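A.B. asks: next one to model:
(one chain, ligands or ions: 1)
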Amino acid sequence: MSLFSENRGSDDYVLNYIKTAPRDWGGFVLYGLLQTNDCFRSMEYYNSETILFLDGNFVKASEAKTDLFGQTLHYGYGVFEGIRAYETVNGTKLFKAHEHFERLKRSCKLMGIPFEYSTEEMVQATYQVLERNSLSNAYIRPLVFCSPNMSLTAPNGVSLMIAAWECEQHPTLKPSRICISSFQRPNPKAVTMEAKVCGLYVNSILATTEAKKRGFDDCLLLDLSGFVAEGPGANFFYEKDGIIYTPPAESILPGITRKTVIHICRQLELPVEEKYFRPEELFEADSAFFCSTMLEIVGVSSIEGQPMGLDWKDSMGALIQETYRNIVLEKSYSYVIV
Ligand code: PMP
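C.D. replies: As a prediction, this is how the structure comes out:
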């Protein structure tokens, strides 16, 4: 039996297959309690051979130079992206590359940062970076940073860097023990939350550091009105009585993975709704998960010490997690069940 279909590579093919396949979740959900590896910590981002893209050139990371008088370094006025490359059954592929670079351009526009690159140029430059560093499973970090200007006005010019480093194909994160952060997400009327702005991540660092200090793996931040917003670097969903809920795109970064998750739910006919909800509602939830490009989908095992109603492997999130993995690897579902 062939493991792969001729139609492999299409998100919807994988989804249609799952829809018609028997739903024996326990049988195919490969769930392991492996060590945490989030591609961001305790690792080497570059070595003496690493090549990155900087302003149209491919240069050694160890020799790349930047100015110390840019607004990004001083004020956090810059934008960035996080993209994944996977070694798929059809070769090395960037997942949702166009969506990420379109968001980078939109972030620049929303912030009034002048930016000239086309999406196609950036996609091609990224594949070059992967090739020059012999990377397949990788995390890619495009960063738009500003030229020297210490005043509080838009810069005259910007630089684009695209770096990449190795990332385990599916960093199998064990379900997280999370808390509710004492830090709120920023006011969306202060800085638009739709833009992936460097300075907004001060809030994420404060929240993550607090959660770790309290002995948790991660946390949820509320918005100004006390409704659940998102994690420090990921969107949030919870399941209750067969329905999946997620906060509306107001005080959150409306993630590309969140959009993919909603698409998967619709295709699998899993009811999904956007709604405002308070953290108390989560104590009645059956399951919950975070999602982001880097994490993919990672379950929540407890909130403020209270375990979720269902084991992660029995949750709708586990089905979505496995489906997402098949989509990013351009695999057919049959590959998982054999
Ligand atoms: N929210 C925040 C605050 C994030 O930093 C991220 C990661 N970019 C996300 C959500 C998820 O976004 P995406 O799915 O596009 O990676």
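A.B. asks: identify the residue of the chain closest to the ligand, quick one.
C.D. replies: Of all residues in the chain, Gly255 sits closest to the ligand, at 2.7 Å by CB to the nearest ligand atom. All C-beta atoms are positioned from the backbone trio N, CA, C, and that covers glycine.
A.B. asks: what about that residue, neighbour count?
C.D. replies: 23 (other CB atoms under 10 Å).
A.B. asks: ok, now which ones touch it?
C.D. replies: Contacts for Gly255 (CB atoms under 8 Å, 6 or more residues apart in numbering) come out as 234-235, 291-293.
A.B. asks: is it true that Arg278 touches Asp223?
C.D. replies: No - if you go by CB atoms under 8 Å, Arg278 and Asp223 don't touch, sitting 10.5 Å apart.
A.B. asks: can you pull out the helices in the protein?
C.D. replies: 11-20, 25-28, 71-75, 97-111, 119-132, 201-213, 256-267, 279-282, 316-328, 334-337 (DSSP state H).
A.B. asks: name the residues of the stretch 201-338 of the chain found near the ligand, please.
C.D. replies: 230, 233-235, 252-253, 255-258, 292-293 (CB under 6 Å from any ligand atom).
A.B. asks: circling back: neighbour-wise, which of Arg278 and Asp223 wins?
C.D. replies: Comparing Arg278 with Asp223 by other CB under 10 Å, the one with more neighbours is Asp223, at 20 against 11.
A.B. asks: next, work out how far apart the more buried one and Met193 are.
C.D. replies: Counting by CB to CB, to the nearest Å, the gap from Asp223 to Met193 is 9 Å.
A.B. asks: so what sits against both of those two?
C.D. replies: Common neighbours of Asp223 and Met193 (CB under 8 Å, 6+ apart) are 185, 250-251.
A.B. asks: least confident pick among those?
C.D. replies: For the shared contacts of Asp223 and Met193, the weakest pLDDT value sits at Glu250, with 91.
A.B. asks: for Ala195, see how far away it is.
C.D. replies: 14 Å.
A.B. asks: please apply the same query to Tyr324.
C.D. replies: Distance from Tyr324 to Ala195, by CB to CB: 25 Å.
A.B. asks: kindly report the same for Tyr86.
C.D. replies: 26 Å.
A.B. asks: who's more crowded, the two?
C.D. replies: Neighbour totals were compared for Tyr86 and Ala195, and Tyr86 leads with 22 against 18 (other CB under 10 Å).
A.B. asks: can you name the residues bridging to the more buried one?
C.D. replies: Here Tyr86 shows beta-bridge partners Lys93, assigned using DSSP bridges.
A.B. asks: who are the contact partners of it?
C.D. replies: 92-93, 95, 136-137, 169, 328-329.
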